[in-house]
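Visitor: Quick one, structure for this:
(2 chains)
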There are 2 protein chains.
Amino acid sequence: MIKIPYTHYLSRLSHIRESLSRKKVDSFLVTDIHNVRYLTGFSGSSGFLFITKRKNIFITDFRYKEQSGREAQGWDIVVEKRDVIKTIERLSQKIGIKKLGFESSVSYNFFRRLLKGDLTLKAFKGLIERLRAVKDSIEINSLREAVRRAESAFLDIKPYIKQGISERALALRLEERLKKKGCRHIPFEVIVASGLNSAMPHARPTEKKLNNSDLVIIDWGGEADGYLSDMTRTLLIKGDNINKKREIYQLVVEANERAISLVSPGVKSQEIDQSARNVIKKAGYGEFFGHGTGHGVGLQVHESPHITWNKKEMIKENMVFTIEPGIYVPGLGGVRIEDMVVAKPDGSEVLTNLPKKTCDNTLGDC
Amino acid sequence: MIKIPYTHYLSRLSHIRESLSRKKVDSFLVTDIHNVRYLTGFSGSSGFLFITKRKNIFITDFRYKEQSGREAQGWDIVVEKRDVIKTIERLSQKIGIKKLGFESSVSYNFFRRLLKGDLTLKAFKGLIERLRAVKDSIEINSLREAVRRAESAFLDIKPYIKQGISERALALRLEERLKKKGCRHIPFEVIVASGLNSAMPHARPTEKKLNNSDLVIIDWGGEADGYLSDMTRTLLIKGDNINKKREIYQLVVEANERAISLVSPGVKSQEIDQSARNVIKKAGYGEFFGHGTGHGVGLQVHESPHITWNKKEMIKENMVFTIEPGIYVPGLGGVRIEDMVVAKPDGSEVLTNLPKKTCDNTLGDC
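Guide: Presented below is the predicted three-dimensional model:
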């Protein structure tokens, strides 16, 4: 477990305080649990931060009293008994807070209840999420380790990817290996989609057995120090009539590589998406690639930046995100190839190391 | 897999339409994914329902086009490309919708964007959640199966619960068995907390090894047909100086049984909480029981009703919820015993079958 130094948390917090002072609010309420973790190191599932000009207050309930005291260094722990909103109102009165910033990701319900109090409210959209999108070197090391664990687990189960095993049995085996490699939790249920099922981009593993000539999409991720990884490989089981499948496989590899070659600070996320999409469109498969090209990965498996057609986020150095074009042809099958990349001053570093050339990934077919 | 008959979905939907007509809105937007599943049977992770007087519209994205068509019988599938809110505005204009009901659990962000359109908005709090709290016989069968799988997995690993095994290894083994028993996913990370760690109600498993005289809290759950289970047992490893631990164990059993004996339609959730709390308070341990006595379980592991000190929900027949009092003494350890119960006309049925008498749960100490 790599422990993020206390000074890193202080620096994150000082970024937040600068924004608050620019927006002229004298306090800020953090409700998103991933943002709570990012600012404090707290790894539990319930906690709120109440940040004022001079105070760092961590509000939690009885269940996490001990853990928050241990993990959230430098925060005053307040254990709320009845209601976090009442606790905030009480503290605001005591400290003399008039204007409260809040995260716009909070529920409408919560917002309505905040509104009933005496505080003036101001919504902040994505304030901490934008900070989180750019990773520091400790975070990148954890992400690298999350990738390594996921790859190592995959290599352990690779010999089992063959005709006769069910999607579900394969997924289960991969999940077991991920845990064995040290992942505390699995970012999402492993996807194994074979044959016609692979034409569904988010199919769940079924009892269907892998067959000859099947395309097999495997989408999985690992974890290290709370940071996640996300990757996809597609394999083709040896068999007849696989020319069309090889063709779309090659196209997706090309789209993946084209997009990666474009990654660089200063590029807009839309342009990266466009570059992958164009490869697929030009070959006549545009309608079969309906999802975005990628997404940020960190404490959450989907976070900023969003690499898709209707987002124009500027790529910055040390943003970490996936590149995962796909083609899904009903009645034939699908291919998706997903890598994780870090934007670097001179382009990008690809964190995912597993091969993606057809030859390496076509079992018994090289 | 037990398939809920189409007529059940129709009946759920007609309940919703009645409420809408009472509240004078001509359409309703369902954003909570569990509520989407409850009304349609859709088991994917992204979908919105737009319910009008005459139409059932299922809005999803490219990824779930095929799956929603297959699972959401009787719904018109609309695949949105850019933005669900724009899709709703377009459809509203076409159909002639003026007033839109929405779920108050939606984010403030989403609400703000809805507000920018031409529709009059009305928030609904817990409309579907209240329906979901009362289970039908098919749901109860699934819950029963989710309990059975969890118990069967536990019995498989019981022989390993002894001095020398780490909390983490034990948790991992239990998770593996849960999957093997047929659980598609695990409702939450298995908790194994031993010795001093057991004094933290939501500790995550560590590398600490189980020791003689340790209290060991194991909190885990299973799944069947999307329905979940949640249970906790505490074991005491044979050793010296365990009198105090036995004492709090007995107290928690007593609190658990007292609360269960009170369960019956018409009782207020607060009263059930109070009955467990009083047993613990009277024995002088009141300050060491800081969480609520229980919570509903269904498609989510925490849902209505809330069995706690500040909620006065009326218990209805066929509500399913946990009873889980606990005592956590820093420096000594903790005990929690959690069962799942169904409220029945004449009291309750306890779904959890694992024994909870000390003798049964104290390894080598009977």
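
Visitor: Who are the contact partners of whichever residue of the stretch 1-150 of chain A sits closest to chain B?
Guide: Distance from chain B to each residue of the stretch 1-150 of chain A (CB to the nearest CB) is smallest for residue A:62, at 2.7 Å. Where C-beta positions appear, they are placed from N, C-alpha and C, glycine not excepted. For residue A:62, the contact set (CB atoms under 8 Å, 6 or more residues apart in numbering or on different chains) comprises A:79, A:81, B:201, B:290-291.

Visitor: Kindly report the same for residue A:144.
Guide: residue A:351.

Visitor: what phi and what psi does the backbone show at it?
Guide: Per-residue torsions, residue A:144: phi -60, psi -40 (degrees, to the nearest 10).

Visitor: can you pull the pLDDT of it?
Guide: Residue A:144 carries a pLDDT value of 98.

Visitor: can I assume residue A:174 sits in a helix?
Guide: Yes - counting by DSSP: H, G, I helix; E, B strand; the rest coil, residue A:174 is part of a helix.

Visitor: wait, doesn't it sit right on residue A:220?
Guide: Yes - between residue A:174 and residue A:220 there is a contact at 5.7 Å, judged by CB atoms under 8 Å.

Visitor: Give me the common contacts of these two.
Guide: A:153-154, A:190.

Visitor: from those, which are also near chain B?
Guide: Checked against chain B using CB under 8 Å from any CB of the partner chain, these give no members in range.

Visitor: if you look at these, which of them are in helices?
Guide: A:153-154 (DSSP state H).

Visitor: Closest one of the shared contacts of residue A:174 and residue A:220 to chain B?
Guide: Nearest to chain B out of those is residue A:190 (CB to the nearest CB; 10.4 Å).

Visitor: Pull the contacting residues for that closest one.
Guide: Going by CB under 8 Å, 6+ apart, the list of residues near residue A:190 reads A:171, A:174-175, A:178, A:205, A:218-220.

Visitor: change it to 10 Å
Guide: A:150, A:153-154, A:157, A:167-168, A:170-175, A:177-178, A:204-205, A:218-221 (CB atoms under 10 Å, 6 or more residues apart in numbering or on different chains).

Visitor: ditto for residue A:263
Guide: Counting by CB under 10 Å, 6+ apart, residue A:263 has contacts A:269, A:271-272, A:275, A:294, A:307, A:315, A:319, A:321, A:323, A:341-344, A:347-350.

Visitor: How many residues are close by the residue of the stretch 151-300 of chain A found nearest chain B?
Guide: Closest residue of the stretch 151-300 of chain A to chain B, CB to the nearest CB: residue A:290 (2.7 Å). Other residues near residue A:290 number 16, with proximity taken as other CB atoms under 10 Å in any protein chain shown.

Visitor: part of a strand, is it?
Guide: No - looking at residue A:290 with three-state DSSP, it is coil, so not inside a strand.

Visitor: which phi and psi does it have?
Guide: Taking degrees, to the nearest 10 as the convention, residue A:290 sits at phi -100, psi -10.

Visitor: and chain A, what are its domains?
Guide: Domain assignment of chain A by automatic domain parsing yields the ranges A:6-132, A:134-363.

Visitor: Low-confidence stretches in chain A?
Guide: Applying pLDDT under 70 to chain A flags residues A:1-2, A:358-366.

Visitor: all helices in it, in order from the N-terminus.
Guide: Going by DSSP H, chain A shows helices at A:6-22, A:33-40, A:65-71, A:84-95, A:108-115, A:127-133, A:137-157, A:167-180, A:243-262, A:269-282, A:358-361.

Visitor: So which of those is nearest residue B:104?
Guide: Among the helices of chain A, the nearest to residue B:104 by CB to CB is helix A:108-115 (4.3 Å).

Visitor: Does residue A:10 touch residue A:74 like I think?
Guide: Yes - the criterion here is CB atoms under 10 Å, and residue A:10 meets it with residue A:74 at 7.4 Å.

Visitor: overlap in contacts of the two?
Guide: The contact lists of residue A:10 and residue A:74 share residue A:56, where a contact means CB under 10 Å, 6+ apart.

Visitor: Would you mind confirming that residue A:141 is in contact with residue A:227?
Guide: Yes - with contact defined as CB under 10 Å, residue A:141 counts as touching residue A:227 (8.9 Å).

Visitor: who's more crowded, these two?
Guide: Each of residue A:141 and residue A:227 has its neighbours counted (other CB under 10 Å); residue A:227 has more, 25 against 15.

Visitor: ok, for the residue positioned nearest the centre of chain A, nearest residue in space, not its chain neighbours?
Guide: The C-alpha lying nearest the average C-alpha coordinate of chain A belongs to residue A:301 (CA atoms, centre = their mean; 2.0 Å). The shortest distance from residue A:301 to any non-neighbouring residue, by CB to CB, 6 or more residues apart in numbering or on different chains, is to residue A:187 (4.2 Å).

Visitor: Neighbours of the one you found, how many?
Guide: Residue A:187 - counted by other CB under 10 Å - has 21 other residues nearby.

Visitor: Against residue A:245, how distant is it?
Guide: From residue A:187 across to residue A:245, the span is 28 Å (CB to CB, to the nearest Å).

Visitor: ok, now residue A:85?
Guide: Distance, residue A:85 to residue A:245, using CB to CB: 56 Å.

Visitor: Mind checking which of those two has more residues around it?
Guide: Each of residue A:85 and residue A:245 has its neighbours counted (other CB under 10 Å); residue A:245 has more, 24 against 16.

Visitor: Tell me how far that one lies from residue B:246.
Guide: The gap separating residue A:245 from residue B:246 is 64 Å, by CB to CB.

Visitor: thinking again about what came up before, residues contacting the residue nearest to residue A:301?
Guide: Residues in contact with residue A:187 (CB under 10 Å, 6+ apart) are A:146, A:150, A:178, A:220-223, A:227-230, A:297, A:300-302.

Visitor: And for residue A:288?
Guide: A:199, A:248, A:280, A:326-330, A:332, A:334-335, B:62.

Visitor: ditto for residue A:345
Guide: Per CB under 10 Å, 6+ apart, neighbours of residue A:345: A:264-265, A:317-318.

Visitor: Now tabulate those in CSV and tack on distance to chain B.
Guide: Below are the contacts of residue A:345 laid out as CSV (distance: CB to the nearest CB, whole Å):
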residue, distance to chain B
A:264, 26
A:265, 27
A:317, 28
A:318, 26
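
Visitor: Can you flag the buried ones in the residues you listed?
Guide: Among the contacts of residue A:345, the ones that count as buried by 16 or more other CB atoms under 10 Å in any protein chain shown are A:265, A:318.

Visitor: which one of the contacts of residue A:345 is nearest residue A:110?
Guide: Nearest to residue A:110 among those, counting by CB to CB, is residue A:318 at 32.4 Å.

Visitor: ok, now which ones touch that closest one?
Guide: By CB under 10 Å, 6+ apart, the neighbours of residue A:318 are A:133-137, A:139-140, A:265, A:342-345, A:349.

Visitor: Buried only: go through these for me.
Guide: Buried, going by 16+ other CB under 10 Å: A:133-135, A:139-140, A:265, A:342-343, out of the contacts of residue A:318.
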